[in-house]
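Student: need a structure here:
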Amino acid sequence: MSSSARILLGLALGLLGGIGFSLLDASSASKLPSMIEPIGTLWVNAIRMTVIPLLMALMITAIAGQGNTGIVAQLGGKAMAWFISMIVASSLFCFLVAPPLIAMLSIDPEASRTLLESTATENIGSSELPPFRDWLVALIPINPVRAAADNAVLPLMVFTGLFSMALLTIKAEQRTHLVGFFSAIKETMFVLIAWIMRLAPIGIFALVFPLAATLGVSAISVLASFIVIVCALITAFTLALYPLAVYIGKIKLRDFARALAPAQIIGFSTRSSLAALPACFTATETLGISNKVSGVVLPIAVTLFKFASPIARTAGTYFVASLYGIDLTNYELFIIAAAIGLFSFYSPAIPSGGLLIMAPVYISLGLPVQGIGILIAVDLIVDMFITAANVSANVTVTAILSKKAA
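Tutor: From the prediction side, this is the model:
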């Protein structure tokens, strides 16, 4: 059985087992989900422990190993151009498609009132983003070691990129020693990741089973309908990535789908693009993409590029406005889509990180901030689809740029 099939089997067994458990009157076994959950957490932690050394080693070997800063700058510039273009496309797609779909929802006034009352006391402001000035200043880390310890990936990548470019200016013999050192780290990390990935079916089962066992069946049809709409929009836009990989990246559809599937499943289960990053590198290796390309593009993508976030967050904002009975003009709909698309580059790469950008947008547009509590309630499912789509887009852009760099 292939690794993709085993991972998918672990996901399916976790979902079916958890749902079955939730339907049983098993009070004596009520602690079963809490007993299984630490296994999934251990597996995710095992993946996360490889991310920082892998990112640094890949970027240093990709940049310093090139021997030419012009190539790196050109590749990074092309990556950013693709990221911006795809964010614009996703925002425009949601602006055109989401409003008529949200308008089709039949929102019961009593159900709406209940939802709003249940979220009125949510402490939305506790997770606000730092001011833009503070975020900008923090891009240059005072202590790179502290940045690594705090999982501040973007500042760490800024330091690593500058460090790699500085390596290009020292003597070739000294540079060769350092590049060789980080190259050995990179290869060691890939071996460690391969060991961890062998346990993926168990880890994913342990992640999904407690979730399915405790989630229960939603009695609020309007929320369920919203989840279906948003997940369908994300899925449709994700499927549009496959033709890009085939016709621009010149990769066979079957090869691309099979290589990408493990990363998608891990992203879906963990809701973390960082946790799925090692699987993304494995996918690019399977597709024959050079580490010199993936080592530059993927670290930038995982820190800045949130492909599906504008779709989910923009549609969520339209939904909240509909719940509150607020009629938005076409201009307001467009401004919401544009603002959320722009701020998606600013959102942290953590589960539900895109929701952290919502409060400033809501306040500036005069929308009810407490409505974000409703989105938080359903984001567990939506964020799974977002992360799988983001992971897919990261690998797609890497494949496209690999072909263009060839």
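Student: Now tell me which helix or strand of the protein has the poorest mean pLDDT.
Tutor: Lowest on mean pLDDT, DSSP states H and E among the helices and strands of the chain sits helix 109-119, with a mean of 56.
Student: what about residue 158, neighbour count?
Tutor: 18 (other Cβ atoms under 10 Å). Using the backbone N, CA and C atoms, a C-beta is placed for each residue, glycine as well.
Student: Next: residue 358.
Tutor: Other residues close to residue 358 by other Cβ under 10 Å number 26.
Student: same thing with residue 234?
Tutor: Using other Cβ under 10 Å, residue 234 has 25 other residues around it.
Student: Next SSE downstream of the strand or helix carrying it?
Tutor: Assigned by DSSP states H and E, residue 234 belongs to helix 221-239. Next in sequence after helix 221-239, counting helices and strands by DSSP H and E, comes helix 241-243.
Student: now the closest residue to residue 384 other than its chain neighbours, what's its secondary structure?
Tutor: Leaving aside its chain neighbours, residue 384 sits nearest to residue 268 (4.8 Å; criterion: Cβ to Cβ, 6 or more residues apart in numbering). What DSSP: H, G, I helix; E, B strand; the rest coil gives for residue 268 is helix.
Student: which helices and strands sit right next to the host helix or strand of residue 158?
Tutor: Element membership for residue 158 (DSSP H and E) is helix 153-167. Contact partners of helix 153-167 among helices and strands, from 3 or more Cβ pairs under 8 Å, 6 or more residues apart in numbering; DSSP states H and E: helix 32-64, helix 69-103, helix 144-149, helix 172-198, helix 291-304.
Student: Ok, which of those comes nearest residue 210?
Tutor: Distance to residue 210, taken as Cβ to Cβ, is lowest for helix 32-64 among the helices and strands packed on helix 153-167, at 3.7 Å.
Student: got the buried residues for the closest one?
Tutor: Neighbour counts using 16 or more other Cβ atoms under 10 Å place 32-33, 36-37, 39-40, 43-44, 46-48, 50-64 of helix 32-64 among the buried residues.
Student: Please apply the same query to stretch 161-177.
Tutor: Across stretch 161-177, burial judged by 16+ other Cβ under 10 Å covers 161, 163-164, 167-168, 175.
Student: Can I get those residues in TSV including distance to residue 386 and pLDDT?
Tutor: TSV is the format used below for those (distance: Cβ to Cβ, whole Å; pLDDT from 0 to 100):
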residue	distance to residue 386	pLDDT
161	27	84
163	32	91
164	30	86
167	36	88
168	37	85
175	40	87
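Student: just to revisit the earlier point, which helices and strands does the helix holding residue 234 pack with?
Tutor: Helix 221-239 packs on helix 69-103, helix 109-119, helix 309-323, helix 372-405, going by 3+ Cβ pairs under 8 Å, 6+ apart.
Student: which one of those helices is the most hemmed in?
Tutor: helix 309-323 (a mean of 27; mean count of other Cβ atoms under 10 Å).
Student: Restrict that one to CA atoms and write it as CSV.
Tutor: Provided in CSV are the C-alpha atoms of helix 309-323 (Å, rounded to 0.1, in the frame of the first residue of the first chain):
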residue,chain,number,x,y,z
SER,A,309,-7.5,32.5,3.2
PRO,A,310,-9.1,35.4,1.3
ILE,A,311,-11.9,33.1,0.0
ALA,A,312,-12.8,31.8,3.5
ARG,A,313,-12.4,35.0,5.4
THR,A,314,-14.2,37.2,2.8
ALA,A,315,-17.1,34.7,2.5
GLY,A,316,-17.2,34.6,6.3
THR,A,317,-17.5,38.4,6.4
TYR,A,318,-20.4,38.4,3.9
PHE,A,319,-22.1,35.7,6.0
VAL,A,320,-21.8,37.7,9.2
ALA,A,321,-23.2,40.8,7.5
SER,A,322,-26.1,38.7,6.3
LEU,A,323,-26.7,37.4,9.9
